[in-house]
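*Asks:* coords below, sequence missing:
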C-alpha cells in the first residue's frame, strides 16, 4: 500500500479525529459522563497535545493505520448515503444470485484495457460461487466512443443480450467507432435496428449521468473501480484477491 507523506500538523489532526471518534463517542454514551460537562483548560489541552505529539513521534507506524481507519469510515459514510444509486437504481444490469449475501459493483469503460480483464474473473467467480451478485455500471470517461458504447450496452438490456454484448465489447482490441460497436452488437446476436431505436431513449443518457454523479460522491476516480461492502477498490483485481475480499465480506 502506498502511503502519503504527511506533515506533523496533519498527523496530529488525523490522530486527533480518530481518537475523538473513538473516545469522544464512548464518553457521550457513558452514563457516568452524561451528567458532566467535562472541559479542559489551556494548560491541560497543551499537555494532551504534547502527549499525542510524543506518542506519534515515538510510534510513527500508527499514522498509516490511523489514515486507513479514517478513510474506511469516510468510505462507509459515503456509501451509506449513496445506497439506492449503488444497489437499487433500477437500470444497471445485475448478474448472479439476486439474493446473494455479497454484492460487487463494478464501474467500467469499454476503452479501458484493464476493464477487459474483468469478465474472465467474474465468469470464474460466478461459476464457483453461487452467493454473489454483480451490478454492472457504465462509466464512459475515457473517450467519446466510450459514451456511444455505453449507451449501446444499456440499450442491449432491452433485448436480453447485455452479457453477450458486454463480454464481446470487452474482448475487442480495436479502437472503438460507432460502426464497430454496431458490428460487435450484430455478432453478439442483437437486432441492430432495435438496438439503435433503444439508444434514442433519453433515460439512458440520464442514467449514465446519475452514475457519473454517484462516483463523484463516493470517490471512484477511474476504471475499473469496485465497491464491495464498505470497500472502494480502484484498479483491476485478480481472481484470488477478489475471492479473498468476497470471503471476508461474507463473514462480516
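*Replies:* Done, it's in. Given the structure is predicted, the values throughout are model-derived calculations rather than measurements.
*Asks:* all strands for the stretch 51-200 of the chain, in order.
*Replies:* Here the stretch 51-200 of the chain has its strands, by DSSP state E, counting those that start in this stretch, at 93-96, 102-108, 132-138.
*Asks:* so which of the ones you listed comes closest to residue 245?
*Replies:* In terms of C-beta to C-beta, the element of the strands of the stretch 51-200 of the chain nearest to residue 245 is strand 102-108, at 8.7 Å. (Each C-beta comes from the backbone N, C-alpha and C, glycine too.)
*Asks:* Residues in contact with that closest one: which ones?
*Replies:* 86-87, 115, 118, 122, 131-139, 211, 215, 220, 223-229, 242, 246, 249-250 (C-beta atoms under 8 Å, 6 or more residues apart in numbering).
*Asks:* Could you rerun that using 6 Å?
*Replies:* Strand 102-108 has contacts (C-beta atoms under 6 Å, 6 or more residues apart in numbering) with 86, 115, 132-137, 139, 220, 223-228, 246, 249-250.
*Asks:* Could you do stretch 164-177 as well?
*Replies:* With C-beta under 6 Å, 6+ apart as the test, stretch 164-177 has contacts from 110, 116, 119, 145, 149, 153, 156, 184-185, 188-189.
*Asks:* just to revisit the earlier point, would you turn the strands of the stretch 51-200 of the chain into JSON lines with mean pLDDT and mean neighbour count?
*Replies:* Shown next, in JSON lines, are those (pLDDT from 0 to 100; neighbours: other C-beta atoms under 10 Å):
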{"stretch": "strand 93-96", "mean pLDDT": "98", "mean neighbour count": "16"}
{"stretch": "strand 102-108", "mean pLDDT": "98", "mean neighbour count": "23"}
{"stretch": "strand 132-138", "mean pLDDT": "98", "mean neighbour count": "22"}
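*Asks:* export the ones you listed to a markdown table and tack on distance to residue 166?
*Replies:* Listed next are these as a markdown table, based on distance: least, C-beta to C-beta, whole Å:
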| stretch | distance to residue 166 |
| --- | --- |
| strand 93-96 | 8 |
| strand 102-108 | 9 |
| strand 132-138 | 7 |
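*Asks:* looking at these, which is closest to residue 238?
*Replies:* strand 102-108 (14.0 Å).
*Asks:* tilt between that closest one and strand 132-138?
*Replies:* If you take axes from the mean of the first three to the mean of the last three C-alpha atoms, to 10 degrees, strand 102-108 sits at 20 degrees to strand 132-138.
*Asks:* Pairing partners for strand 102-108, with directions?
*Replies:* When sheet partners are counted by DSSP bridges, strand 102-108 sits next to strand 132-138 (parallel), strand 225-228 (antiparallel).
*Asks:* where's the shortest one relative to the chain centroid, distance-wise?
*Replies:* This means strand 225-228. Distance, stretch centre to chain centre, for strand 225-228: 3 Å (C-alpha atoms, centre = their mean, to the nearest Å).
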